[in-house]
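1. take this sequence and fold it.
(one chain, ligands or ions: 1)
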Amino acid sequence: MTHLPVAQMHDFMVQIFTNIGVPETDAKICADVLIASDLRGIESHGIGRLKMYYDRIKQGIQKPVTHIDVIRNKYATAVWDGNHGMGHVIGHKAMQTAIDKAKLYGLGSVAVRNSTHYGICGYYADMAARQDMIGLTFTNARPSICPTNGVQPLLGTNPICFGAPTNLPYPFIYDAATSISQRGKIEQYAREEKPTPPYWAINLQGEAQTDTKKLLDDLIEQTACMLPLGGTEEVTGSHKGYGLSAMVEILSAALQNGSYLNGLWGRDAEGKAAPYCLGHFFLAINIDFFTEIEDFKAIVTDICVQLQNSKRLPGRDRIWVAGEKEYEKELEVRKNGIPIIANLAKNIRDMQEELGINIIHL
Ligand SMILES: NC(=O)c1ccc[n+]([C@@H]2O[C@H](COP(=O)([O-])OP(=O)(O)OC[C@H]3O[C@@H](n4cnc5c(N)ncnc54)[C@H](O)[C@@H]3O)[C@@H](O)[C@H]2O)c1
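-> Modelled structure (predicted):
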C-alpha cells in the first residue's frame with residue numbers, strides 16, 4: 001500500500017473529470033466531494049469511486065455536463081430535474097439553494113429527480129453546518145435491500161444524514177446508510193479481496209452471503225439482498241431499518257415525481273445499461289429563526305460532551321459522537337496522505353493510460 005498527498009489526488013481527479021468532458025468548475029466540485037470522503041476515511045466513496053463515474057460517463061448513462069431543469073420553485077421549496085448530470089454538482093447546488101432559501105424563510109428545501117450518485121451525504125450536511133444551519137439530506141440508491149421478512153432487493157442503502165454546528169472542532173454529522181452496510185463498503189472489500197462479514201447480506205434462501213465477488217454479481221442479478229439495519233428479525237429491530245429506508249425512498253422519489261425501487265435498477269427493458277434516475281432530498285434549517293446561534297451551539301456541544309463523558313461499558317475505552325471519528329481521520333489523512341491499495345492503483349493506471357495522462361506514478 002502506498003499513500004498519495006491530498007492535493008495531488010485532488011489535481012488528478014480534476015484532470016480525469018475534465019478529460020471526460022466535465023467542465024472545470026464542476027470537476028472541482030466533484031473532486032472536492034470525493035476528497036472529502038477520503039479525508040473522512042470513507043474509502044468506498046472517494047478515489048475508490050472515481051472509476052465508477054468514469055465508466056458510467058463512458059457508457060453514456062451519466063452526463064458530464066450538468067443541465068438542471070427547475071420544475072417548481074416556490075418560496076422555501078424547489079423541485080429539480082438533474083437530467084442524469086453529475087450528482088455531486090447537483091447536490092452541491094441543491095444544498096446551497098436550500099441554505100439560501102432558509103436565509104430568507106427559515107427553512108429551505110430542494111427535492112431532486114433524475115440525478116446520479118452524489119457520493120457522501122455528509123459533504124452536503126457539512127455545507128449547512130458551516131453556514132450555521134442544520135442540514136439534512138437523503139438519497140435513494142440502486143435496489144439492494146430487502147424489506148423485513150422479504151428477500152427481494154427493492155430498497156437502496158438509502159442513507160440518512162443530519163448535520164449541526166457545535167463549539168467542538170467538528171460539527172455533529174450523523175451520516176450513514178439505513179442498511180447494516182452500505183454497498184460501497186462491499187465493493188471496497190472486493191478491491192481488498194476480503195470476504196463479506198456474515199449478517200450483512202443473504203441469498204434468496206435466507207443464507208448468509210459472504211463471497212464478496214459473488215455477492216456483488218448476485219446483487220446486480222437481484223439473486224441476493226443486503227439487510228436493513230437490524231438484520232432479518234424484528235427482535236433486533238429489522239423493521240426500524242426497513243422503515244427508515246422506506247422513508248428515505250419516499251422523500252427521494254414521491255415529492256419530485258421521480259423513480260423508485262426497481263426503477264433505479266440501471267437497466268432498460270432489454271437489460272441494457274440505463275441511467276439510474278436517482279432522487280435526493282435536501283433540507284436546511286436556519287437556527288437563527290428559532291434561537292440564538294450561540295445558545296444552540298452551546299446546547300449541542302453540551303449534549304455531545306455529556307454523551308462522550310458518560311459511563312462506559314466495561315472494556316470500552318471511549319464513547320464517540322457522530323462526526324468525531326471523521327474529524328480525527330481527516331487530521332491523519334492530511335498528514336499521511338490517501339491510502340492506495342493495489343487494485344485501486346491499477347484503476348488509476350488504467351484511467352491514466354486510456355486518457356494519455358501521467359499525473360500519478362504508481
Ligand atoms: N450516495 C449513496 O447512494 C450512498 C448510499 C449509502 C451510503 N452512502 C455514504 O456512505 C458513507 C458511509 O455510510 P455507512 O453506512 O458505512 O456509515 P458508518 O456505518 O461508517 O457510520 C458512519 C456514521 O456513524 C458515526 N459513527 C461511527 N462510529 C460511531 C460511534 N462509535 N459512535 C457514534 N457515532 C459513530 C460516524 O460519525 C458517521 O456519522 C456515508 O457518508 C453515506 O452518506 C452513500
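2. show the average pLDDT along stretch 18-37.
-> This predicted structure assigns stretch 18-37 an average pLDDT of 98.
3. just the buried residues of that stretch, please?
-> For stretch 18-37, the neighbour count (16 or more other Cβ atoms under 10 Å) marks 18-20, 22, 26-37 as buried. Backbone N, C-alpha and C define where each C-beta goes, glycine included.
4. then stretch 56-74?
-> Under the neighbour-count criterion of 16+ other Cβ under 10 Å, stretch 56-74 has 56, 57, 61, 62, 63, 64, 66, 68 buried.
5. and the contacts of it?
-> Here stretch 56-74 makes contact (Cβ atoms under 8 Å, 6 or more residues apart in numbering) with 17, 20-23, 26, 53, 78-86, 89-90, 93, 116, 256, 266, 273-276.
6. from those residues, which land in helices?
-> Residues of the contacts of stretch 56-74 located in helices (DSSP state H): 17, 26, 53, 89, 90, 93.
7. farthest-separated two in those residues?
-> With Cβ to Cβ as the measure, no two of the ones in helices among the contacts of stretch 56-74 lie farther apart than 53 and 93, at 17.3 Å.
8. filter the buried residues of stretch 18-37 by proximity to the ligand?
-> When Cβ under 6 Å from any ligand atom is applied, no member of these is adjacent to the ligand.
9. from the residues you listed, which is closest to residue 148?
-> Nearest to residue 148, judged by Cβ to Cβ, of these is residue 37 at 29.9 Å.
10. quick check: phi and psi on that closest one?
-> Dihedral pair for residue 37: phi -70, psi -50, per degrees, to the nearest 10.
11. that one: what's it in contact with?
-> Counting by Cβ under 8 Å, 6+ apart, residue 37 has contacts 43, 44, 45, 46, 49, 119, 120, 123.
12. and the gap between the second one and the ligand?
-> Computed as Cβ to the nearest ligand atom, to the nearest Å, the residue 44 to the ligand distance reads 6 Å.
13. does the ligand sit close to stretch 315-329?
-> Yes: legend: contact between stretch 315-329 and the ligand by Cβ under 6 Å from any ligand atom is shown at 320, 321, 322, 323, 325, 326.
14. for the record, mean pLDDT for that stretch?
-> The average pLDDT for stretch 315-329 rounds to 98.
15. can you check stretch 80-88 too?
-> pLDDT averaged over stretch 80-88 gives 98.
16. repeat that for stretch 43-54.
-> Average pLDDT, stretch 43-54: 95.
17. buried ones in that stretch?
-> 43, 44, 45, 46, 47, 48, 49, 50, 51, 53, 54.
18. what about residue 293, neighbour count?
-> 14 (other Cβ atoms under 10 Å).
19. over to residue 361?
-> Around residue 361 there are 8 residues (other Cβ under 10 Å).
20. for the ligand, see how far away it is.
-> Using Cβ to the nearest ligand atom, residue 361 is found at 30 Å from the ligand.
21. just to be sure, that residue is in a strand?
-> No: counting by DSSP: H, G, I helix; E, B strand; the rest coil, one finds residue 361 to be coil, located in no strand.
22. list the contacts of the residue nearest the centre of the chain.
-> Nearest residue to the geometric centre of the chain (Cα atoms, centre = their mean): residue 120, 2.8 Å. For residue 120, the contacting residues are 33, 36, 37, 40, 42, 45, 175, by Cβ under 8 Å, 6+ apart.
23. mind listing which of those residues are in strands?
-> The strands, defined by DSSP state E, take in residue 175 from the contacts of residue 120.
24. identify, from the buried residues of stretch 18-37, the entry nearest to the ligand.
-> residue 37 (6.8 Å; Cβ to the nearest ligand atom).
25. of all the residues of stretch 315-329 next to the ligand, which two lie farthest apart?
-> Pairwise distances across these peak at 10.9 Å for 321 and 326 (criterion: Cβ to Cβ).
26. all helices for the stretch 101-250 of the chain, in order.
-> For the stretch 101-250 of the chain, applying DSSP state H, counting those that start in this stretch gives helices covering 122-130, 183-191, 212-221, 238-253.
27. most packed of those?
-> Ranked by mean neighbour count under mean count of other Cβ atoms under 10 Å, the helices of the stretch 101-250 of the chain are led by helix 122-130, which reaches a mean of 25.
28. now it, how far from the centre of its chain.
-> Distance of helix 122-130 from its chain centroid, counting by Cα atoms, centre = their mean, to the nearest Å, is 13 Å.
29. go on, stretch 295-303?
-> 27 Å.
30. counting neighbours, which bits of that stretch end up buried?
-> Residues 296, 297, 300, 301 are the ones in stretch 295-303 that count as buried (16+ other Cβ under 10 Å).
31. now the third one, nearest residue through space, not along the chain?
-> Counting by Cβ to Cβ, 6 or more residues apart in numbering, the nearest residue to residue 300 once its immediate chain neighbours are dropped is residue 166, at 4.9 Å.
32. ok, now which ones touch that neighbour?
-> Residue 166 sits next to 172, 297, 300, 301, 304 when contact means Cβ under 8 Å, 6+ apart.
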